[in-house]
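1. need coordinates for the following:
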Amino acid sequence: MFKHLIVCLALCSLAYATEWVPKTAEEIKTIRGECLTQHPLKAEQIAKLKQVEFPDEPEVRQYLLCTALKLDIFCTFEGYHADRLAKQFKMDLSEEEALQIAQSCVDSNEQKSSSDEWAFRGHKCLMSSKIGDRVRSYIKARQAEAAAKA
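-> Numbering: from 1, shown residues only. Coordinates of the predicted model:
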């Protein structure tokens, strides 16, 4: 167990030491597809996600944890990286404002929750903020564009 902890901390540190860049929309789409394959969701859960609703259910939490890990914005030992959250999801906010919001949603898991619950808690906080409002608006606009093309 101790060796596993050392390896995970080393990987988190290595990932943090290299220059991190936000993922593109195409990379995010690929990551979501991979996580959906690894953590299948029921049709009702997918329908809710498409409406930008995130039910607190084990399958949804595992899916969100997977995406956060693959986006490299969350580490199972350190939690969310506020600076990366701000860069990835700032939308039209200044990076400073996005960072303040992200920092307010990051915790050190004093509750000792499982990784999926920890990641979900931060995600829920972020989605209830100005960043979440911007993300919802962005997704709705993309869905409207796709519907107009169809």
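2. residues in contact with whichever strand or helix holds residue 125?
-> In the assignment (DSSP states H and E), residue 125 maps to helix 115-127. With Cβ atoms under 8 Å, 6 or more residues apart in numbering as the test, helix 115-127 has contacts from 52, 54, 56, 58, 60-62, 64-65, 68, 74, 76, 79-80, 85, 89, 101-102, 104-107, 109, 113, 132, 135-136. Heads up, the C-betas are built off the backbone N, CA and C, glycines and all.
3. now the strands for this structure?
-> 74-75, 79-80 (DSSP state E).
4. that older thread, what residues sit buried inside the helix holding residue 125?
-> 115-116, 118-123, 125-127 (16 or more other Cβ atoms under 10 Å).
5. now do the residue nearest in space to the middle of the chain against residue 60, distance only.
-> By Cα atoms, centre = their mean, the chain has its centre lying nearest to residue 68, at 3.9 Å. Using Cβ to Cβ, to the nearest Å, residue 68 is found at 12 Å from residue 60.
6. tally of neighbours for the spatially closest residue to residue 28 that is not a sequence neighbour?
-> Spatially, and ignoring its direct neighbours in sequence, residue 28 is nearest to residue 71 (7.1 Å; Cβ to Cβ, 6 or more residues apart in numbering). Close neighbours of residue 71, defined as other Cβ atoms under 10 Å, add up to 21.
7. which ones are touching residue 71?
-> Taking Cβ under 8 Å, 6+ apart as the definition, contacts of residue 71 comprise 23, 28, 31, 84, 88.
8. and those, which is closest to residue 148?
-> Closest approach between those and residue 148, by Cβ to Cβ: residue 28, at 21.7 Å.
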